[in-house]
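Novice: Below are the sequence and a predicted model for it; my questions follow.
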Amino acid sequence: MTEQTATFIHPTAEVSPTAVLGEGCRVWRQVHIREEAVLGRNCSIGAGVYLGVGVHLGAKCKVQNGAMLYEGLVLEDGVFVGPQVCFTNDLHPRAVNPDMSVQSIADWELRHTYVREGASIGGQSVVTPGLTIGRWALIGAGTVLTREVPDHALVYGQPGRIRGWVCRCARSLRVQRCEDGTIEGWCARCRSTTRLPIEAADFLTV
């Protein structure tokens, strides 16, 4: 299958002239893409999505309807963001200062969030500021994420906790210990093995 090369922007989308869109991007209705945002090639941005100032997306990312991607966020290649996901960027949000003066950009501390290659964030999840979500991790729908996520971890809940480990195909991995003491996961669908972080030792198959 050949990749899409022509960029499409719906007439109702608002895209800053200083934003950069790679070849083959698809931007649907009522999207708002702010200044200095960068989208890699072949990204798909669903209806009603907000991309904040300087948000950076790698190639082949898919962002579904109504997601809010605020300033300070970086998505690597192949990241999936479900509908109505919200990436926040301020640990101490206020509309005003203690003296009731209106807050400005100078009054808040921007936290950066990183989502690594191939990771997926389920619909209506909330990601709190300053976290890193590992490669090929899978965050279940409706999760409130408050902790770092290792590569290949399956996380869900409020707050989100590690519940298992997943393959690149998003199926569950059978966790086992190798002869050299390292931990790996075996996928019944792909019939492949994946090296897992040490945290996976708590999920060893007896």
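Specialist: Nice, I can see it. Residues are numbered from 1 along each chain as shown.
Novice: Where does the prediction get shaky in this structure?
Specialist: 1-4, 206 (pLDDT under 70).
Novice: which residues in it form helices?
Specialist: For the chain, none of the segments meets the definition of helices by DSSP state H.
Novice: Quick check: beta-bridge partners of the residue nearest in space to the middle of it?
Specialist: Ranked by distance to the mean C-alpha position of the chain (C-alpha atoms, centre = their mean), the top residue is V115 at 4.6 Å. Taking DSSP bridges, one finds L75, I133 as the beta-bridge partners of V115.
Novice: Now do the same contact list for it.
Specialist: Contacts of V115 were listed using C-beta atoms under 8 Å, 6 or more residues apart in numbering, and they are L73, V74, L75, E76, V79, I121, T132, I133. In short, each C-beta sits where N, CA and C put it, glycine included.
Novice: my guess is the last one meets I139, correct?
Specialist: What it means is I133. Yes. Contact status for I133 versus I139: in contact at 6.9 Å, counting by C-beta atoms under 8 Å.
Novice: Restricted to buried residues, select the contacts of V115 in PyMOL.
Specialist: The following PyMOL command selects only the buried members of these, with burial defined by 16 or more other C-beta atoms under 10 Å:
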select buried, resi 73+74+75+76+79+121+133
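Novice: re earlier: identify the contacts common to I133 and I139.
Specialist: Any residue near both I133 and I139 by C-beta under 8 Å, 6+ apart counts here, and that gives A119, I121, V127, L145, V149.
Novice: What's the local residue count around the fourth one?
Specialist: Neighbourhood size, L145 [other C-beta atoms under 10 Å]: 26.
Novice: residue contacts, it?
Specialist: Contact partners of L145, counting by C-beta under 8 Å, 6+ apart, are S125, V126, V127, T128, L131, I133, I139, V155, P159, G160.
Novice: Buried subset of these, written for ChimeraX?
Specialist: In ChimeraX, this line selects whichever of the contacts of L145 come out buried by 16+ other C-beta under 10 Å:
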select :125,126,127,128,131,133,139,155,160
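Novice: Inside strands: which ones of the contacts of L145?
Specialist: V126, V127, I133, I139, V155, G160 (DSSP state E).
Novice: Save these as JSON lines, and put in distance to K60 too.
Specialist: As requested, the ones in strands among the contacts of L145 are arranged in JSON lines below (distance: C-beta to C-beta, whole Å):
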{"residue": "V126", "distance to K60": "24"}
{"residue": "V127", "distance to K60": "20"}
{"residue": "I133", "distance to K60": "17"}
{"residue": "I139", "distance to K60": "18"}
{"residue": "V155", "distance to K60": "22"}
{"residue": "G160", "distance to K60": "25"}
